[in-house]
Every structure is written in structure tokens, then in C-alpha cells.
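Engineer: no sequence on this one, just coordinates:
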Ligand SMILES: C[S@@+](CC[C@H](N)C(=O)[O-])C[C@H]1O[C@@H](n2cnc3c(N)ncnc32)[C@H](O)[C@@H]1O
């Protein structure tokens with residue numbers, strides 16, 4: 001059974017923020033609260049690396065000069081439980097501003113309460129971060145942070161349908177205002193398109209065979225009038241990978257990742273938003289991005305690489321005709337920064353994180 005959260009109105013959200021002088025922009029009338037007892041478990045990953053990248057803390061190769069932009073304007077594109085936002089807010093002066101984006105109502109609700117009274121000027125944008133360019137003016141930001149993927153809360157709350165533990169119906173939507181849940185998508189997608197998603201989003205082998213089984217299972221559950229459960233997906237995985245029973249959990253995790261990325265349009269969101277972020281940053285502003293798996297990381301690297309090129313001429317031209325002055329980003333760290341063993345021991349979610357920092361030039 002899907003658990004339904006109590007409804008909360010836009011005016012209630014505004015009430016939380018207004019008490020701290022904050023604003024919620026473009027919030028829907030029917031945002032929902034799903035955070036029971038105020039619990040939203042999520043430890044911010046590589047917190048100090050992110051703050052150094054944004055130049056809100058000194059130290060490391062990311063901020064050797066120990067420059068602190070306390071009066072700056074920053075965007076946290078992935079508010080979640082507000083761990084990174086809280087730390088940013090506490091480092092800003094009264095002249096500093098923090099904007100935060102999240103398309104998940106639970107995150108907006110919880111983090112708005114957490115930050116009430118902390119951030120001097122705090123603006124929440126309860127929309128997808130691909131809308132950055134329409135919400136924030138060009139050349140206005142000192143730093144933009146992305147902590148990609150999903151929060152521990154989204155996974156731990158079994159009613160959200162993000163996990164295969166507990167056998168709740170698949171949902172996987174970050175934004176529950178969106179019409180198409182994972183179940184609905186799996187009932188309409190072709191085996192070819194699902195196979196493409198499994199390969200592209202999770203580098204899966206035997207993708208067509210697996211996709212065909214999953215599509216059959218989705219059709220059978222629809223015929224029986226029942227919901228698609230993780231146990232149905234597991235049957236499909238086990239029938240296609242009978243030789244890999246010991247890897248069943250990691251195969252399931254990859255299927256869930258691939259479907260989730262499609263349902264939420266994740267790669268398109270990242271690409272659109274990074275392009276907008278480059279426009280929104282001032283010269284010298286920083287882009288700080290944490291990714292959690294190779295497909296996400298490749299997308300970040302490829303989009304940023306376009307902005308690192310000075311020459312944008314077609315490759316076949318023998319000489320540069322474009323003026324060679326198109327570079328808009330430079331890498332601050334040559335290799336991605338990884339979490340320490342100590343952090344991984346405390347927070348296992350950090351184990352696959354990669355932190356990349358770029359500067360607008
Ligand atoms: C890893 S969590 C962020 C955790 C946060 N940094 C913290 O310390 O609590 C990622 C958050 O980003 C949100 N998110 C992911 N993609 C998004 C998108 N395209 N637009 C808006 N929010 C997004 C998710 O809903 C989730 O709450």
C-alpha cells in the first residue's frame with residue numbers, strides 16, 4: 001500500500017519560511033508533508049570539500065588562498081535534508097543570500113523548517129533544478145552546488161517506492177506532482193526503449209532480455225489488477241541472470257537506478273541545469289558537483305568539457321575560425337576528490353561520491 005502523506009497548503013509553507021524572512025517561490029497548492037516526527041535522515045557528503053569549493057571555508061587545493069565569500073549569493077540545487085544548505089547558511093554574513101532548489105515536497109518542507117532562522121536571506125524554489133535559468137538572473141552567483149541523486153530519506157521511506165527492500169509498489173518519482181510513476185512508465189514502455197534505458201543509465205548486460213521479461217511482468221500485473229512490486233522485478237532479474245544469484249541485490253539496484261533516472265529525466269535535468277549555471281555564475285564563481293555513479297559523472301564531465309574548450313570550430317577545419325576565446329569554465333581540481341576512509345566508515349552512502357569543482361572564467 002502506498003502511504004499517503006497529509007496535505008499542507010502553500011500558506012503553511014510560507015508561514016514556516018516567513019518566520020525567518022524566507023520565501024517559497026512557485027510552490028504548488030498541494031505540497032505534501034511526508035516527514036514524520038521531523039525525521040529526515042541524510043548525512044551531507046564531503047561537506048568541507050563542498051564548502052571549500054564554494055569558497056566558504058579555507059584549506060585544501062580547492063581554496064588555497066582561504067578566500068571566504070561570506071557576502072555572496074549561492075544556490076544549493078539539491079536541498080534534500082538541508083545538510084549542505086545549513087552549513088552554507090551558517091557561513092554567510094547578513095548580506096549573503098542562499099537559494100535552494102528541490103522538487104521533492106518532503107525535502108522542501110523539512111529543510112525549510114531546519115533553515116528557518118539560520119539563513120539571513122533564504123529563498124526556496126520547490127521546482128526542478130533544470131529551471132535554474134528561469135529562476136535566477138545571469139551573472140549573479142558566486143557558487144552553485146549539486147549533490148546529485150536521491151537522499152537517504154527518499155530511500156528509507158518505503159512508502160516512496162524508491163527501494164526494493166520491503167516490497168512496496170514501485171514509484172520512484174522525486175516530484176509527486178508528476179503524473180508518471182515507475183509503474184505507469186513500465187506499463188507503457190517498449191522492451192526496446194527499456195533495454196536502451198538499462199544500458200544507458202546502468203551499463204547493464206543482457207538488457208534486451210531483461211527488458212522483455214520486465215515488460216511481460218508489468219503487463220501481467222496490469223491484467224491481474226495488481227501493482228508492480230520489487231518481487232516481480234526480482235523474478236525477472238533471476239530468470240535472466242540465473243548464474244548471478246549472489247549479485248541479485250546489486251542487479252536490482254541497477255534496474256531501480258535505470259528506471260528512476262528515466263522516470264525523473266535525470267540526465268536531461270543535469271545537462272540543462274549545468275548549462276544554465278554557467279550563465280548564472282559571475283566570472284570567478286564556482287560550480288561544485290558531487291556525483292554518485294559513473295553514468296552521472298560522465299554526464300557532468302561531458303557537459304563541463306564543452307565549456308572548457310577555447311575553440312569551438314568543427315574538427316575538420318585546419319585552422320581556428322571562431323576566435324578561440326570561448327572557454328567559460330576551468331577545472332579547479334584536476335582529478336575528482338573522493339571521500340576519506342573515515343567518512344565512508346561513518347556514512348556508507350559517501351563511498352561512491354566524486355567531487356568536481358569548476359570556476360567560471
Ligand atoms: C543527495 S540529496 C541532497 C542532500 C542534501 N545535500 C543534504 O545534505 O541533505 C539530492 C536531493 O536533490 C533532489 N533532486 C534531485 N534531482 C533534482 C532535480 N532535477 N531538481 C530538483 N531537485 C532534485 C532530490 O529530491 C533530493 O532531495
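Structural biologist: Looks like it arrived, so ask away. The structure presented is a predicted model; accordingly, all values stated were derived computationally and were not measured. Numbers count the residues shown, from 1 in each chain.
Engineer: any idea how far the residue sitting nearest the centre point of the chain is from residue 315?
Structural biologist: With distances taken as CA atoms, centre = their mean, the residue of the chain nearest its centroid is residue 148 (3.1 Å). Separation of residue 148 from residue 315 (CB to CB, to the nearest Å): 30 Å. (Glycine included, C-beta is placed from N, CA and C.)
Engineer: list the contacts of the residue nearest to the centre of the chain.
Structural biologist: Residues in contact with residue 148 (CB atoms under 8 Å, 6 or more residues apart in numbering) are 78, 266, 270, 289, 290, 291, 292, 296, 300.
Engineer: which among these end up buried?
Structural biologist: Neighbour counting with 16 or more other CB atoms under 10 Å marks 78, 266, 270, 289, 290, 291, 292, 296, 300 as buried within those.
Engineer: just give me the closest of those to the ligand.
Structural biologist: For the ligand, the nearest member of those is residue 78. The distance, counting by CB to the nearest ligand atom, is 3.2 Å.
Engineer: which residue packs closest to that closest one, ignoring adjacent ones?
Structural biologist: residue 147 (4.6 Å; CB to CB, 6 or more residues apart in numbering).
Engineer: can you tell me the SS state at residue 146?
Structural biologist: strand (DSSP: H, G, I helix; E, B strand; the rest coil).
Engineer: beta partners for it?
Structural biologist: On the basis of DSSP bridges, residue 146 is bridged to residue 289.
Engineer: from memory it sits against residue 273, does it?
Structural biologist: Yes. Under the criterion of CB atoms under 8 Å, residue 146 makes contact with residue 273 at 7.5 Å.
Engineer: shared neighbours of those two, anything?
Structural biologist: Joint contacts of residue 146 and residue 273 (CB under 8 Å, 6+ apart) are 77, 129.
Engineer: got any ranges where the protein has weak pLDDT?
Structural biologist: 1-41 (pLDDT under 70).
Engineer: output the set of residues of it in proximity to the ligand.
Structural biologist: Applying CB under 6 Å from any ligand atom, one finds that the chain approaches the ligand through 42, 44, 78, 80-84, 101-104, 107, 128-130, 147, 149-151, 174, 269.
Engineer: quick check: closest non-adjacent residue to residue 281.
Structural biologist: Leaving aside its sequence neighbours, residue 281 sits nearest to residue 360 (CB to CB, 6+ apart; 4.0 Å).
Engineer: let me fix that: residue 336
Structural biologist: residue 354 is the one closest to residue 336 (CB to CB, 6+ apart), at 3.9 Å.
Engineer: list the contacts of that neighbour.
Structural biologist: Contacts of residue 354 (CB under 8 Å, 6+ apart): 290, 291, 292, 297, 336, 337, 338.
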